[in-house]
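[1] I'll drop the sequence and a predicted model, then ask my questions.
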Amino acid sequence: MIRLFLKLYGLLIATLVFSFVVQTWLMEYVYREMTPGFDFRQRFMATFHLLEESLSPLPQDQWPARFRELSSGFSTPARMARVGSLPERTKLGPEQLQKLDTGSIVTLEREGGGFILVKRLRGSDYGVAIEFPGPDNKRIRIATYAVNWATEFFIVAILVFFWVRPFWRDLLKLREGAEAVGAGRFDQRVALRRGSPLRTLAEGFNAMTGKIAGLLQSHRGLTSSVSHELRTPLARLKFSHSLAREEPRPEGKDRYLALMERDIAELDELTSELLDYARLERGVPEIKVQSVPAEPWLEDLIADARQTALATQHHARIAPRVDLETVDCEPRYMARAVINLIRNALQYARSTVTVSLGREGGRTVIHVDDDGAGIPAPDRERVFEPFARLDQSRDRDSGGFGLGLAIVRQVARWHGGDAFISESPLGGTRVTIAW
């Protein structure tokens with residue numbers, strides 16, 4: 001806090017000093033411009049005139065005595081001497097000396113404050129100096145500036161301190177939050193007052209820690225699920241291998257080898273899906289949205305799904321419905337998402353799967369419907385989680401590994417939309433991608 005306070009305070013003080021210097025110069029300039037013709041020496045011209053009128057009738061050798069009598073009634077020190085012997089003469093410049101010799105009143109600053117007026121008496125070589133004691137203007141000016149600056153600096157210090165203090169408290173909270181996150185406590189949240197200038201930063205920090213916590217939780221869940229998914233086919237593979245080694249008949253060995261090949265194929269499929277999901281989870285890729293012809297694009301996806309259905313002996317009919325001429329998307333990623341939905345629908349459909357592509361409420365939507373058993377409403381959100389399956393048998397025929405819908409939602413969100421499940425008009429499940 002001290003460093004932050006001193007930096008801000010130093011900047012403000014430098015600004016104030018510059019401002020104060022400029023203001024002082026302007027005040028003196030304005031004063032000079034407003035009083036160009038004022039000469040306070042004119043106020044004392046009458047005093048010198050009376051002295052000259054009083055002394056002129058007398059012989060000049062009597063002037064000093066008469067001057068002492070007159071000056072005894074003055075309220076200020078005064079002296080008379082030959083012009084050449086006046087001590088003030090040595091302090092005059094050439095211009096002032098010329099004025100003094102011509103009988104003009106010359107002004108000098110008095111040591112210790114005030115001023116001195118010097119004049120050569122008319123028709124003589126005598127000069128008179130009258131002192132007018134007063135305050136030391138330089139010292140007063142310096143003292144005034146010092147007091148003003150000290151007051152300004154003190155006031156600014158108080159204001160800056162009360163401005164920096166809540167700012168520093170907020171910084172300390174952010175630092176404590178960062179230290180907690182560094183220590184592995186990702187549930188840490190920083191709460192700042194509503195008017196804090198760091199509130200936006202705190203909200204960004206909280207969003208970051210929340211996302212990190214979610215990623216870690218997802219990672220832990222994914223690790224646990226992967227371990228479980230791998231354990232089952234590996235256990236079957238190990239068991240079939242043991243039986244194959246003990247089986248003496250060739251036909252028996254062939255049957256166990258076939259089972260082992262199926263387990264290896266399942267492991268290979270699981271590995272491929274895991275790699276795909278890990279690649280999608282790595283971060284948001286560069287989505288290059290393109291405008292592609294809607295009907296040919298969807299027909300290619302359905303043709304691919306029909307080949308898969310024939311290979312897996314799923315005989316449900318796939319019916320497309322396209323209400324758009326073009327669709328704006330990243331074709332490769334969106335194709336992967338739609339194929340996942342169609343394959344999933346084929347697995348649970350009794351006889352029919354429909355794929356609809358159109359516009360609803362200004363958004364592009366893809367509906368994939370089936371006439372299967374449907375998904376209960378409480379479970380519709382859960383099936384988008386990685387490895388989430390409603391069938392808990394974990395049998396190789398239970399249908400995939402639970403990564404298909406997780407990939408679908410990821411692709412939908414990359415396009416600025418989402419994926420969700422509802423009840424299908426066919427009586428089964430409708431999965432919708434909208435963006």
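    In hand now; what should we look at?
[2] Tell me how far N148 lies from P233.
    Separation of N148 from P233 (Cβ to Cβ, to the nearest Å): 87 Å. Glycine gets a C-beta too; all of them are placed from N, C-alpha and C.
[3] Break down the stretch 101-250 of the chain into its strands, ranges please.
    For the stretch 101-250 of the chain, the strands defined by DSSP state E, counting those that start in this stretch cover 106-109, 114-120, 126-133.
[4] May I see those strands organised as a markdown table, with mean neighbour count, mean pLDDT and distance to V353 added?
    Below are the strands of the stretch 101-250 of the chain laid out as a markdown table (neighbours: other Cβ atoms under 10 Å; pLDDT from 0 to 100; distance: least, Cβ to Cβ, whole Å):
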| stretch | mean neighbour count | mean pLDDT | distance to V353 |
| --- | --- | --- | --- |
| strand 106-109 | 18 | 88 | 107 |
| strand 114-120 | 21 | 90 | 110 |
| strand 126-133 | 20 | 91 | 113 |
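[5] would you turn the ones you listed into JSON lines with distance to L243?
    Listed next are these as JSON lines, based on distance: least, Cβ to Cβ, whole Å:
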{"stretch": "strand 106-109", "distance to L243": "121"}
{"stretch": "strand 114-120", "distance to L243": "123"}
{"stretch": "strand 126-133", "distance to L243": "125"}
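[6] Could you check which of N148 and P233 is surrounded by more residues?
    Between N148 and P233, counting by other Cβ atoms under 10 Å, P233 is the more crowded of the two (21 against 12).
[7] how about the more buried one, what does it touch?
    Shown in contact with P233 (Cβ atoms under 8 Å, 6 or more residues apart in numbering): 263, 266-267, 270, 396.
[8] L172 is nearest to which of the strands of the stretch 101-250 of the chain?
    strand 106-109 (57.6 Å; Cβ to Cβ).
[9] can you list the domain ranges for this protein.
    Following automatic domain parsing, the chain resolves into domains at 39-134, 199-279, 288-434.
[10] looking at the ones you listed, which is buried most?
    Comparing those by mean neighbour count (mean count of other Cβ atoms under 10 Å), domain 288-434 comes out on top with a mean of 17.
[11] which one of the contacts of P233 is nearest S54?
    L270 (127.6 Å).
[12] Quick check: pLDDT value at the closest one.
    L270 is assigned a pLDDT of 70 by the prediction.
[13] thought it was touching L234?
    No: using Cβ atoms under 8 Å, L270 is not in contact with L234, being 10.5 Å away.
[14] per-residue confidence averaged over stretch 160-169?
    In this model, stretch 160-169 has an average pLDDT of 80.
[15] If you count neighbours, what's buried in that stretch?
    The neighbour-count check on stretch 160-169 (16 or more other Cβ atoms under 10 Å) flags 160, 164, 167 as buried.
[16] Just the CA atoms of the helix or strand harbouring T364, as PDB, please.
    According to DSSP states H and E, T364 maps onto strand 363-370. Taking Å, rounded to 0.1, in the frame of the first residue of the first chain, the C-alpha atoms of strand 363-370 are listed here in PDB:
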ATOM      1  CA  ARG A 363     -31.800 -19.500 -34.900                       C
ATOM      2  CA  THR A 364     -30.700 -22.500 -37.000                       C
ATOM      3  CA  VAL A 365     -32.000 -25.800 -35.500                       C
ATOM      4  CA  ILE A 366     -31.400 -29.400 -36.100                       C
ATOM      5  CA  HIS A 367     -33.900 -31.900 -34.600                       C
ATOM      6  CA  VAL A 368     -33.100 -35.600 -34.500                       C
ATOM      7  CA  ASP A 369     -36.200 -37.600 -33.400                       C
ATOM      8  CA  ASP A 370     -36.700 -41.300 -32.800                       C
END
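[17] for the stretch 201-350 of the chain, which spans come out with low pLDDT?
    Scanning the stretch 201-350 of the chain with the threshold set as pLDDT under 70 gives 218-229, 232, 269, 273-286, 311-313.
[18] Identify each of the helices in it and give its residue range.
    250-281, 294-311, 331-348 (DSSP state H, counting those that start in this stretch).
[19] a markdown table please, covering those helices and showing distance to V408.
    Below are these laid out as a markdown table (distance: least, Cβ to Cβ, whole Å):
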| stretch | distance to V408 |
| --- | --- |
| helix 250-281 | 10 |
| helix 294-311 | 13 |
| helix 331-348 | 4 |
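[20] Ok, which of the ones you listed comes nearest R199?
    Between the helices of the stretch 201-350 of the chain, helix 250-281 lies closest to R199; by Cβ to Cβ that is 30.7 Å.
[21] ok, back up a step: pick out whichever of the contacts of P233 sits closest to M80.
    For the contacts of P233, the nearest to M80 is L270 (121.9 Å; Cβ to Cβ).
[22] picking that back up, and the following helix or strand past the strand holding T364, what does it pack against?
    Once the chain leaves strand 363-370, the next helix or strand it forms, by DSSP H and E, is helix 404-414. Using 3 or more Cβ pairs under 8 Å, 6 or more residues apart in numbering; DSSP states H and E as the contact test, the elements touching helix 404-414 are helix 250-281, helix 331-348, strand 418-423, strand 429-434.
[23] switch to 6 Å and redo it
    helix 331-348, strand 418-423 (3 or more Cβ pairs under 6 Å, 6 or more residues apart in numbering; DSSP states H and E).
[24] With respect to G204, which of the ones you listed lies nearest?
    Across the helices and strands packed on helix 404-414, closest to G204 is strand 418-423 (Cβ to Cβ), at 22.8 Å.
[25] which neighbours does the closest one have in its sheet, and in what orientation?
    With DSSP bridges as the test, strand 418-423 is paired with strand 429-434 (antiparallel).
[26] And the host helix or strand of K99, what does it pack against?
    Per DSSP H and E: K99 is located in helix 94-101. Applying 3+ Cβ pairs under 6 Å, 6+ apart, we find helix 94-101 packed against strand 106-109.
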